[in-house]
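[1] Sequence isn't available, so here's the structure alone:
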DNA sequence: CTTAACCGATTGCATTTTGCAACTGGTTGC
DNA sequence: GCAACCAGTTGCAAAATGCAATCGGTTAAG
């Protein structure tokens, strides 16, 4: 993660910031899995990131202004990681990657259901989900709640598939 | 580029395929720079990829079905690389990355202009550009041509900025 | 027909990044 | 007071990356 710039191309710059094998997975877990602590990100991830890599990525994402860290008032050692607006706006990238992966790669049924719903929901659903993230990560109040949130709907759909498969 | 699967999550799988520092830049140059030969991709890139990395990435992208390679009838040594439908459908990911990078990173004016136009154009413009790519890479005839293509418009805007800056 | 430039790669080697496992210094709950 | 938990750090091996030189073949100019 050197800070030497290869070119001023926006795609290149984005790749220099989040174009590695782990950064976007950490963001994904913060967004869809609501992981906010180091230990949650470390142990509750599907892929099993190792602790040194996680520590390094969190440091980089922090330095880039994609996440913030604050002390957990309920536990002196715990930090709470939150997405910034800049981090929240990575969602469309994740959504497109999810849609592409769902269409072309051997996605498992339970892990693919969210991608399918998000893809079908389109940009409108993404915007709604981003508003929910602004509420949980930035403390921005949302106006209304008619029915279950996008996050709840995705989670419910996931659990339904898991239950069905067993 | 091991083929061991970390998880069946669509985002993770996408990252395993194109989540490195170079693959998407190669795709970008094929899409927006119309680079089709090894030497073009090698020397006309902003970032200066090295030949062994390029060879390796082309091999991987080929194996993944994202690009194809055929012999150039006009030159026995040259191969022509083309995007497959799967590769063309990476465009929305690139477009979102371009938009995010343009918004949050120190993008140069001349390399940012395409990102701005593409972002303003939205999914409709992306679809049009993908149709143009289907024509040039897959030989699929398009129906109509009213005015300059998206590719031409992006290129013209880029050149205009370059001319202005000098 | 010679020859220099060009072609898509490959090779060897140094540097950097990643991955794993053990461990540290500290906190919390029982 | 002690076991479980916490956010990381350390040491080291393995893999990926980056660079420069090179290879065997093709093409175009003279």
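    Cool, the structure landed. Worth saying up front: this structure is predicted, and the values here are computed from it rather than measured.

[2] Apart from its neighbours in sequence, what residue is nearest the residue nearest the centre of chain A?
    Nearest to the mean C-alpha position of chain A, by C-alpha atoms, centre = their mean, lies residue A:28 at 2.3 Å. Spatial nearest neighbour of residue A:28, excluding adjacent residues (C-beta to C-beta, 6 or more residues apart in numbering or on different chains): residue B:11 at 5.4 Å. C-beta here means a position set from N, CA and C on the backbone, and glycine is covered the same way.

[3] now the helices for chain A?
    A:10-18, A:23-32, A:38-43, A:51-63, A:85-88, A:91-104, A:109-138, A:150-165 (DSSP state H).

[4] who touches the residue nearest to residue A:28 in this structure?
    Contact analysis of residue B:11 by C-beta atoms under 8 Å, 6 or more residues apart in numbering or on different chains lists A:24-25, A:28, A:94, A:97-98, A:101, A:115.

[5] same check, this time on residue A:35
    Residue A:35 is in contact with A:29, A:41, A:44-45, counting by C-beta under 8 Å, 6+ apart.

[6] give me the number of residues near the residue found closest to residue A:150 once you drop the neighbours it is linked to in the chain?
    In space, and not counting its chain neighbours, residue A:150 is closest to residue A:129: 4.1 Å by C-beta to C-beta, 6+ apart. Counted by other C-beta atoms under 10 Å in any protein chain shown, the residues lying close to residue A:129 total 22.

[7] Surely residue A:5 and residue B:46 touch.
    No - at 10.7 Å, residue A:5 and residue B:46 do not qualify as touching, with contact defined as C-beta atoms under 8 Å.

[8] which residues touch the residue in chain A that DNA strand D sits nearest to?
    Per C-beta to the nearest atom of the strand, residue A:39 is where chain A lies closest to DNA strand D, at 2.6 Å. Taking C-beta under 8 Å, 6+ apart, we find residue A:39 in contact with no residue.

[9] Look up how far DNA strand C lies from it.
    11 Å (C-beta to the nearest atom of the strand, to the nearest Å).

[10] repeat for residue A:119
    Taking C-beta to the nearest atom of the strand as the measure, residue A:119 falls 27 Å from DNA strand C.

[11] swap in residue A:142?
    31 Å.

[12] pLDDT score for the nearest residue to residue A:118 once chain neighbours are set aside?
    Counting by C-beta to C-beta, 6+ apart, residue A:95 is the residue found nearest to residue A:118 once chain neighbours are left out, at 5.3 Å. On the pLDDT scale, residue A:95 is placed at 98.

[13] Look up how far residue B:128 lies from residue A:95.
    Applying C-beta to C-beta, to the nearest Å, the value for residue A:95 to residue B:128 is 21 Å.

[14] sorry, back to before: just the buried members of the contacts of residue B:11?
    Using 16 or more other C-beta atoms under 10 Å in any protein chain shown as the burial test, the contacts of residue B:11 include A:24-25, A:28, A:94, A:97-98, A:101, A:115 as buried.

[15] What's the nearest residue in chain A when you look at DNA strand C?
    For chain A, C-beta to the nearest atom of the strand, closest residue to DNA strand C: residue A:76, 3.3 Å.

[16] For the residue lying closest to residue A:44 once chain neighbours are set aside, give me the backbone phi and psi.
    Using C-beta to C-beta, 6+ apart and skipping the chain neighbours, the partner closest in space to residue A:44 is residue A:35 (6.1 Å). When read as degrees, to the nearest 10, the backbone of residue A:35 gives phi -80, psi 130.

[17] and the residue lying closest to residue A:71 once chain neighbours are set aside, what does it touch?
    Counting by C-beta to C-beta, 6+ apart, the nearest residue to residue A:71 once its immediate chain neighbours are dropped is residue A:79, at 6.1 Å. Residues near residue A:79 by C-beta under 8 Å, 6+ apart: A:37-38, A:69-72.

[18] Could I have the buried ones of those as ChimeraX selection syntax?
    Only the buried entries of the contacts of residue A:79 go into this ChimeraX selection, using 16+ other C-beta under 10 Å:
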select /A:37,38
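
[19] Mind checking which of the contacts of residue A:79 are in strands?
    For those, membership in strands holds for A:69-71, with DSSP state E as the criterion.

[20] Does stretch A:57-67 reach DNA strand C?
    No - contact of stretch A:57-67 with DNA strand C is not found when judged by C-beta under 7 Å from any atom of the strand; the minimum separation is 8.1 Å.

[21] Need the residues that contact that stretch.
    So stretch A:57-67 is contacted by A:1, A:17-18, A:20, A:22-23, A:26-27, A:30, A:38, A:41, A:49, A:68-69, A:81-84, A:86-87, A:90, B:104 (C-beta under 8 Å, 6+ apart).

[22] Kindly report the same for stretch A:114-133.
    Residues from elsewhere that reach stretch A:114-133 (C-beta under 8 Å, 6+ apart): A:31-32, A:83, A:88-89, A:91-92, A:95, A:98-99, A:101-102, A:107, A:140, A:142, A:149-151, A:153-154, A:157-158, B:10-11, B:123.
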